[in-house]
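Visitor: Just need the structure, nothing else, for what follows:
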Amino acid sequence: MHESLLKMMELLYAFIALPHGFGTLKELFHMISWAQLNIHGKPIGVLNINGFFNGLLSFIDHAMKQKFIT
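Guide: Numbering: from 1, shown residues only. Sure thing, here's the model as predicted:
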């Protein structure tokens, strides 16, 4: 899996997560953590169709307010 993420990172200009399952979330959080570690500086976004990611975004906001993540 790591090899495919590295290859994907080489080829993409930005990372956009579309509504899907656990694999998408894993890739999204890999990209976010790699950006925090300065492994890449590419834009990251989510396509929040019909509020699909609202719960996840609320959780991330809550974790940031609690200073669990930055």
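Visitor: any weak-confidence spans in the protein?
Guide: 1 (pLDDT under 70).
Visitor: Tell me which residue is most central in it.
Guide: Leu28 (2.6 Å; C-alpha atoms, centre = their mean).
Visitor: Pairing partners for the nearest residue to that one once chain neighbours are set aside in the sheet, please.
Guide: Distance criterion C-beta to C-beta, 6 or more residues apart in numbering; nearest residue to Leu28, sequence neighbours excluded, is Ala17 at 4.4 Å. Where you see a C-beta, it was placed from the backbone N, CA and C, and this is true even at glycine. On the basis of DSSP bridges, Ala17 is bridged to Val46.
Visitor: From His30, how far off is Ala17?
Guide: For Ala17, the distance to His30 equals 11 Å [C-beta to C-beta, to the nearest Å].
Visitor: With neighbour numbers in mind, choose between the two.
Guide: For Ala17 versus His30, neighbours defined as other C-beta atoms under 10 Å are more numerous around Ala17 (20 against 17).
Visitor: The more buried one: what's it in contact with?
Guide: Residues in contact with Ala17 (C-beta atoms under 8 Å, 6 or more residues apart in numbering) are Thr24, Leu25, Glu27, Leu28, Ile44, Gly45, Val46, Leu47, Phe53.
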